[in-house]
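Here's my sequence, what's the structure:
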Amino acid sequence: MKLMILDGNSVINRAFYGVRPLTTRDGLYTNAIYGFLNILEKERGEEKPDALCVAFDLHAPTFRHLRYDGYKATRHPMPEELAMQMPVMKQVLAAMNIPVYACEGWEADDVLGTVGRLCEEAGWDCAILTGDRDSLQLVDEHVSVRLVHTQGGQTRTERYTPDVFRAEYGLEPKRLRPVAADAGRAPSLVLVESVRGAAEGMVYEKNLVLYRDPAHTQYTEELERIYHAFS
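Numbers count the residues shown, from 1 in each chain. You can find the predicted model right below:
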């Protein structure tokens, strides 16, 4: 069995910037929805999963925001032209009978990492579709990551397996470390710092933290219920 899970916010963000502005007669922007569906159908055709779902962030603070005031403080707000498409995108997915998952206080990244681990434990293969390189740490024998790139209005994906990752980075996926210059943003280390007090050079394992911290047992059980909903 194979599950494909999309990082909804990441994919629709890249679709928004990868497709020229499109609007309805009423002024509703639709370019991100159009691009998202094109990416979804293309990747579904290539992966041929037995099950499909999408994870989204919620418009609310996560536990990382509560523990670290500077978490994502420099990130620009979502453009209004994209924000107006989010509820419509979720309605379209519902009409397509594609499950959408989100958990209050947590990020879509956490859902991706948890579902990937659950698939691994169940003997399923899992294909994660995202534009976030942080997810590459999840790659293993059962979990592959399809990394979305948008450039010059064109969208392409790279499929990362353990062999592909080792060939590019020269280390195991779970040893992925934060890199300050990655995509021109601040080190991902701060994402972990708010969780368990990271030291310089600590291995970055944000997406796996749910399985390392007993305080998150209740949430892990909640995500297991999500897993059983589509298993």
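
Select the longest helix from the chain.
Longest helix of the chain, by residue count under DSSP state H: helix 31-47.

other SSEs contacting the very next helix or strand once past that helix?
Sequence-wise, the next helix or strand downstream of helix 31-47 (DSSP states H and E) is strand 51-55. In terms of contacts (3 or more C-beta pairs under 8 Å, 6 or more residues apart in numbering; DSSP states H and E), strand 51-55 is packed against strand 2-7, strand 100-101, helix 108-122. Quick note: C-beta positions are derived from backbone N, CA and C, even for glycine.

what's the following helix or strand after the first one?
Pointing back at strand 2-7 there. That would be, after strand 2-7 and using DSSP H and E, helix 8-18.

What of the longest one?
With elements assigned by DSSP H and E, the helix or strand that comes after helix 108-122 is strand 125-130.

Spit out the contact partners of Q85.
12, 16, 28-33 (C-beta atoms under 8 Å, 6 or more residues apart in numbering).

I only care about those residues that end up buried; give me the PyMOL line for that.
Applying 16 or more other C-beta atoms under 10 Å to the contacts of Q85, the buried members can be selected in PyMOL as follows:
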select buried, resi 12+16+29+30+31+32+33
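
Tell me the one among the contacts of Q85 nearest to E80.
Y29 (8.7 Å; C-beta to C-beta).

Does the closest one touch P21 like I think?
Yes - at 6.5 Å, Y29 and P21 qualify as touching, with contact defined as C-beta atoms under 8 Å.

joint contacts of those two?
With C-beta under 8 Å, 6+ apart as the test, Y29 and P21 both reach E81.

thinking again about what came up before, mind giving me TSV with the helices and strands packed on strand 51-55 and columns for mean pLDDT and distance to R166?
Listed next are the helices and strands packed on strand 51-55 as TSV, based on pLDDT from 0 to 100; distance: least, C-beta to C-beta, whole Å:
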stretch	mean pLDDT	distance to R166
strand 2-7	95	22
strand 100-101	90	30
helix 108-122	86	18
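
contacts for the lengthiest strand in the chain?
For the chain, the strand with the greatest residue count under DSSP state E is strand 143-151. Strand 143-151 is contacted by residues 10-11, 14-15, 17-18, 39, 43, 47, 116, 119-120, 125-131, 133, 135-136, 138-139, 155-161 when judged by C-beta under 8 Å, 6+ apart.

Can you show me the CA trace of that strand as CSV?
Taking Å, rounded to 0.1, in the frame of the first residue of the first chain, the C-alpha atoms of strand 143-151 are listed here in CSV:
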residue,chain,number,x,y,z
VAL,A,143,9.2,7.3,2.9
SER,A,144,10.1,9.3,-0.2
VAL,A,145,9.9,13.1,-0.6
ARG,A,146,8.8,14.8,-3.8
LEU,A,147,10.3,18.3,-3.6
VAL,A,148,8.4,20.9,-5.5
HIS,A,149,10.3,23.7,-7.2
THR,A,150,8.8,26.7,-9.0
GLN,A,151,11.0,28.9,-11.2
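
Tell me the buried residues in stretch 80-95?
Here stretch 80-95 shows 82, 85-86, 89-90, 93 as buried, counting by 16+ other C-beta under 10 Å.

for stretch 110-130, same thing?
110-120, 124-130.

Tell me which helix or strand in this structure has the weakest average pLDDT.
helix 189-196 (a mean of 32; mean pLDDT, DSSP states H and E).

Where does the prediction get shaky in this protein?
In the predicted model of the chain, residues 60-76, 105, 152-153, 176-231 satisfy pLDDT under 70.
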